[in-house]
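S.K.: Fold the following.
(chains A, B, C and D)
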There are 4 protein chains.
Amino acid sequence: MLLNAGCEISFTTTIATPVILMLRPRSGSGQWIIREEYLINPRLSVSEYTDNYGNLCQRLSVPPGDLTIKTTLDVDTADQIDVQPGAPLVTVEKLPENVLKYLLPSRYCQSDLLGKLSLEIIGDNTPGYDQVEAIRHWINSNIEYAYGTSDASTSAVDTARERIGVCRDFAHLGIALCRSIDIPARMVVGYLYGLEPMDLHAWFEAYVGDRWYTFDATQTRPLGNRITIAYGHDATHVALATQFGPLQITGMKVWVDKSTVV
Amino acid sequence: MLLNAGCEISFTTTIATPVILMLRPRSGSGQWIIREEYLINPRLSVSEYTDNYGNLCQRLSVPPGDLTIKTTLDVDTADQIDVQPGAPLVTVEKLPENVLKYLLPSRYCQSDLLGKLSLEIIGDNTPGYDQVEAIRHWINSNIEYAYGTSDASTSAVDTARERIGVCRDFAHLGIALCRSIDIPARMVVGYLYGLEPMDLHAWFEAYVGDRWYTFDATQTRPLGNRITIAYGHDATHVALATQFGPLQITGMKVWVDKSTVV
Amino acid sequence: MLLNAGCEISFTTTIATPVILMLRPRSGSGQWIIREEYLINPRLSVSEYTDNYGNLCQRLSVPPGDLTIKTTLDVDTADQIDVQPGAPLVTVEKLPENVLKYLLPSRYCQSDLLGKLSLEIIGDNTPGYDQVEAIRHWINSNIEYAYGTSDASTSAVDTARERIGVCRDFAHLGIALCRSIDIPARMVVGYLYGLEPMDLHAWFEAYVGDRWYTFDATQTRPLGNRITIAYGHDATHVALATQFGPLQITGMKVWVDKSTVV
Amino acid sequence: MLLNAGCEISFTTTIATPVILMLRPRSGSGQWIIREEYLINPRLSVSEYTDNYGNLCQRLSVPPGDLTIKTTLDVDTADQIDVQPGAPLVTVEKLPENVLKYLLPSRYCQSDLLGKLSLEIIGDNTPGYDQVEAIRHWINSNIEYAYGTSDASTSAVDTARERIGVCRDFAHLGIALCRSIDIPARMVVGYLYGLEPMDLHAWFEAYVGDRWYTFDATQTRPLGNRITIAYGHDATHVALATQFGPLQITGMKVWVDKSTVV
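M.R.: Okay, the predicted model is just below:
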């Protein structure tokens, strides 16, 4: 489906604050960026670089005062995400080199501490896709979705204990459980058509059957029409705005609609 | 200046032909992509990757028949290019690691064969920027600009001998002469506001005074309002379309105007 | 000083276990590998790749039974580490792109949780080197060095609370405190001449004054004659052996001596 | 076979000369470096970095006077190179991203100029391995091996015309012919056990059947027991010493023997 998506974020700061934005999705992996608009008001000097995950990062220093950033996209997305029950585990010795790093624990996904829980969850499922799906389903069934119950410091271990959180926490737990059974997993942030209430979203991908598959523990069934904005080990690497000072978000709008243009 | 630039290219082929396009400029280095539209008609599956030079490359297989590609950009560009007479040579032992490769000869820039000519040209100029400017000026004064006198196989050695060519040949010669005196140099393709006749353009950059500077041997004075599409060692790496089969270009339009939107 | 250093590690496993070793130090950054021997007994098929930190990683599958790995090095090392009181903070907007990632929290260095402590420690010190040295000195004075009090899951937050640990914990805490005040910091594992008792060692580096400086919170004064084996965000990325199965270490010897050969 | 190989090179210069050495082979791809010694006399400050091809490069400034470099290796090598008649062509749309660049022409391998010759040579061979083998065999049969007939500026086009050259020229021609039929090919320099007369050697690899295969047009049959020192597009990128000034080689010894140590 052709989607029109975007977000508008307002910031304010009293002192000049460096910030790194990640708001320019890349084409590839099932999405094609047909149109993109990236407005920064007031106009500032911005440089852009590619991080270790392939994300395009915009770097700027926000002067004292107000700042508004608005990005608008028309994107050709896949209506379905690929679902492949039975796709086999790729054993560690056969993983591609650039996938190996996704086996390691990270700030919010302490996979080294969650091995017991994942063994309970996966039970007798066939190693690979079915184990990841068991993890995804367990999270969807056992973790309560509720706003305001977690914060920027909440990790997968916290969520496993509290059993409550938001999309970011669901993704962190899914990632940590996968890694604890030696399945590479990574964080994705982006847009999801039809999400209610509309907001930026987070989910995860797991590497089984020789490729990355999409999993979303917040949903009861596989939903397509997603736009990936950024990949990373966990929320650390996919923040839409990483700030180094007292930058305040004063407003935010997000939309994902069918595109009316061709 | 805010520029609206773009190109529309029509292709035809009788058999399916893989092609790699380089038509998505990146923000950074003095340009900010405000709006971008990238249309492929008919719609095809495309993947995108980043090459060794940081260029975004679009990879697709063109089926038999006609194909039209149209990209449109609104870009915030610098009105002036930086000019820095006296900027010193960076000696090889102090060059950044990722710049070293631009000292080496390449397909169209056989710097190993042009040392004698460059020594004649640079004369007593101060090592660094002034040498590059002497090279640029020499090319502008001694090479005749004429269409149809060179082709896809013409190299810097050919141009040094024939003393005639187009922007691509001017850039190749400038690059080869710089490298022959151990100054890193690279090829740039992009848009230049006010170019006559309007077309895609090529120029070069040289690394002196601890950064890259822009040089354009086709012009008599330094002109800003450029949009960089791609960087490379030479034309080999910055072709807007690298095809692997009998793909024919049947039409091409290029435009660079002041942008009317804000 | 010319050092002869090495380690011999014995493993045993009952089932085939993939493992990634990081036991081949690289020349550069003040060390030159004159001689190196890397023995794996029994001889196995090994592949080697470079990770995101530039470390050389050896990948193999250990068959059931015993395995011994022995590496021996003759290395030309610096007798002193550079010490630069007053070296200024590099503000975030001026950090090199490839250093930015070292500002982010990681598995064992939750810098997002330690801002209050670091502000207490740095007091009125000049931003930059002096703040890092204040952190290093505070850890050396306030954290007790004791074996067996921490384990593979111990993080900087744990160490800040328990105030006890080993070199790895000292390094994690130093790194986390630096990052919490926007100073890039990274983990180093390697050899240190004169360490008592002799073992593999860990310390950290902080990026101030436009380069990386070495800090070791386990020592009372700056000591040179170090051999870096690997760099990373934290212990996650610099494990000498990352195993994916029940591989047991059954013996380990480490030595660092003056080299007798020239 | 376990090989003991190495080289000793003597240089002299009247003025300080920056040089980049490529004399530290990497483990992987069928070779395991068991022992390595890298001596520079007099001892100088050297830094090391990894280039775009994964080669370890040593960078130093040679002061006026004499310099001797000696590297000695014990390497576990494969007795046979893999030979796979019938291995299919990988069409361009299916090539891995990091292999695509090896389709492009380079300084010494002007594949864009040699399409006619390669079509004559490959005849009716099955696309893929058999075409490369036809090219290799044609070069072995049609190009005369003779010292002193080519120099540092000799390219594949020159060799195709002159029909005479050394190992470097044979490799360049093989690479250029492969690329001209859209088969990725790259240059290799290294050691070959049993080479007569003993010297450093050059050959090439082609990507068919989803991996790189070794081809050596200087030999009448496939020979194993090779040690790869460096990879590149052509000789530009694999020079054992790239110098930027009047550095003279005053002596050179190369040896490749069965290793007597275990």
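
S.K.: wait, is A:Val132 part of a helix?
M.R.: Yes - counting by DSSP: H, G, I helix; E, B strand; the rest coil, A:Val132 is part of a helix.

S.K.: List the pairing partners of the particular helix or strand that has A:Asp257 in it within its sheet, with orientation.
M.R.: Using DSSP states H and E, A:Asp257 sits within strand A:248-258. Using DSSP bridges, strand A:248-258 pairs in its sheet with strand A:2-13 (antiparallel).

S.K.: Please name the residues that touch the closest residue to A:Asp74 other than its chain neighbours.
M.R.: In space, A:Asp74 comes closest to A:Arg35 once its chain neighbours are excluded; the distance is 4.0 Å by C-beta to C-beta, 6 or more residues apart in numbering or on different chains. Any C-beta I mention is one placed from the backbone N, CA and C, and that applies to glycine too. Neighbour list for A:Arg35: A:72-74, A:261, B:35-38 [criterion: C-beta atoms under 8 Å, 6 or more residues apart in numbering or on different chains].

S.K.: go with 10 Å
M.R.: Under the criterion of C-beta atoms under 10 Å, 6 or more residues apart in numbering or on different chains, the contact list for A:Arg35 reads A:2, A:4, A:72-75, A:259, A:261, B:35-39, B:72.

S.K.: What ranges in the stretch 151-262 of chain A fall below the confidence cut-off?
M.R.: A:262 (pLDDT under 70).

S.K.: Now with 80, please.
M.R.: Residues of the stretch 151-262 of chain A meeting the criterion pLDDT under 80: A:261-262.

S.K.: What count of nearby residues applies to the closest residue to chain D within the stretch 101-250 of chain A?
M.R.: Proximity of the stretch 101-250 of chain A to chain D (C-beta to the nearest C-beta) peaks at A:Asp210, 12.7 Å away. Neighbourhood size, A:Asp210 [other C-beta atoms under 10 Å in any protein chain shown]: 12.

S.K.: and it, how far is that from B:Phe11?
M.R.: Using C-beta to C-beta, to the nearest Å, A:Asp210 is found at 33 Å from B:Phe11.

S.K.: just A:Cys109 next, same as before
M.R.: Distance of A:Cys109 to B:Phe11, given as C-beta to C-beta: 46 Å.

S.K.: Neighbour count for those two, which is higher?
M.R.: Each of A:Cys109 and B:Phe11 has its neighbours counted (other C-beta under 10 Å); A:Cys109 has more, 33 against 20.

S.K.: any idea how far B:Ala78 is from that one?
M.R.: Using C-beta to C-beta, A:Cys109 is found at 42 Å from B:Ala78.

S.K.: Spell out the residue ranges of the strands in chain A.
M.R.: Assigned by DSSP state E, chain A shows strands spanning A:2-13, A:17-24, A:31-41, A:47-50, A:56-62, A:65-77, A:144-145, A:164-165, A:185-192, A:201-208, A:211-215, A:226-232, A:241-243, A:248-258.

S.K.: Can you name every helix or strand that the second one contacts?
M.R.: Which is strand A:17-24. strand A:2-13, strand A:31-41, strand A:47-50, strand A:56-62, strand A:65-77, strand A:226-232, strand A:241-243 (3 or more C-beta pairs under 10 Å, 6 or more residues apart in numbering or on different chains; DSSP states H and E).

S.K.: Is the last one positioned near chain B?
M.R.: Translated: strand A:241-243. No - Strand A:241-243 lies out of reach of chain B by C-beta under 10 Å from any C-beta of the partner chain, never closer than 16.5 Å.

S.K.: Could you name the helices and strands sitting against that strand?
M.R.: Packing contacts for strand A:241-243, counted by 3+ C-beta pairs under 10 Å, 6+ apart, involve strand A:2-13, strand A:17-24, strand A:56-62.

S.K.: ditto for the third one
M.R.: Other elements packing on strand A:47-50 under the criterion 3+ C-beta pairs under 10 Å, 6+ apart are strand A:17-24, strand A:56-62, strand B:31-41, helix C:97-100.

S.K.: For the stretch 101-250 of chain A, what lies in contact range of chain C?
M.R.: A:101, A:103-113, A:152-153, A:155, A:157, A:182, A:232-237, A:239, A:242-245.

S.K.: Write out the residues of chain A neighbouring chain D.
M.R.: Near chain D, when you scan chain A using C-beta under 10 Å from any C-beta, you find A:96, A:98.

S.K.: Okay, domains of chain A per the record?
M.R.: Domain assignment for chain A, taken from automatic domain parsing, gives A:2-78+A:240-258, A:92-220.

S.K.: Next, count neighbours for A:Gly115.
M.R.: Neighbourhood size, A:Gly115 [other C-beta under 10 Å]: 15.

S.K.: Repeat that for the one 3 residues further on.
M.R.: With neighbours defined by other C-beta under 10 Å, the count for A:Ser118 comes to 22.

S.K.: For it, which residues are in contact?
M.R.: A:111, A:131, A:134-135, A:138, A:160, A:173, A:176-181, A:183.

S.K.: circling back to that earlier point, now the strand holding A:Asp257 against strand A:201-208, angle please.
M.R.: Using axes from the mean of the first three to the mean of the last three C-alpha atoms, to 10 degrees, the direction of strand A:248-258 lies 70 degrees away from that of strand A:201-208.

S.K.: Check the offset of strand A:248-258 from the chain's centre.
M.R.: 16 Å (C-alpha atoms, centre = their mean, to the nearest Å).

S.K.: again, but for stretch A:45-53
M.R.: So, by C-alpha atoms, centre = their mean, the centroid of stretch A:45-53 is 18 Å from its chain's centroid.

S.K.: How far does that stretch stretch from one end to the other?
M.R.: One end of stretch A:45-53 to the other measures 24 Å (C-alpha to C-alpha, to the nearest Å).

S.K.: Kindly report the same for stretch A:77-93.
M.R.: Criterion C-alpha to C-alpha; first-to-last residue distance in stretch A:77-93 is 33 Å.

S.K.: As a markdown table, the helices and strands packed on strand A:17-24 with distance to B:Gln31 would be great.
M.R.: Compiled in a markdown table, these are given as follows (distance: least, C-beta to C-beta, whole Å):
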| stretch | distance to B:Gln31 |
| --- | --- |
| strand A:2-13 | 22 |
| strand A:31-41 | 12 |
| strand A:47-50 | 10 |
| strand A:56-62 | 13 |
| strand A:65-77 | 17 |
| strand A:226-232 | 22 |
| strand A:241-243 | 22 |
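
S.K.: ok, now which ones touch the residue nearest to A:Leu60 when sequence neighbours are not counted?
M.R.: Closest residue to A:Leu60 apart from its sequence neighbours, by C-beta to C-beta, 6+ apart: A:Val46 at 4.6 Å. Going by C-beta under 10 Å, 6+ apart, A:Val46 touches A:21, A:38, A:40, A:58-61, B:27-28, B:31-32, B:76.

S.K.: ok, so of these, who is nearest chain C?
M.R.: Nearest to chain C out of the contacts of A:Val46 is A:Ser61 (C-beta to the nearest C-beta; 4.8 Å).

S.K.: Could you pull up the residues touching that closest one?
M.R.: Counted by C-beta under 10 Å, 6+ apart, A:Ser61 has contacts A:16-19, A:44-46, A:244-245, C:91-94.
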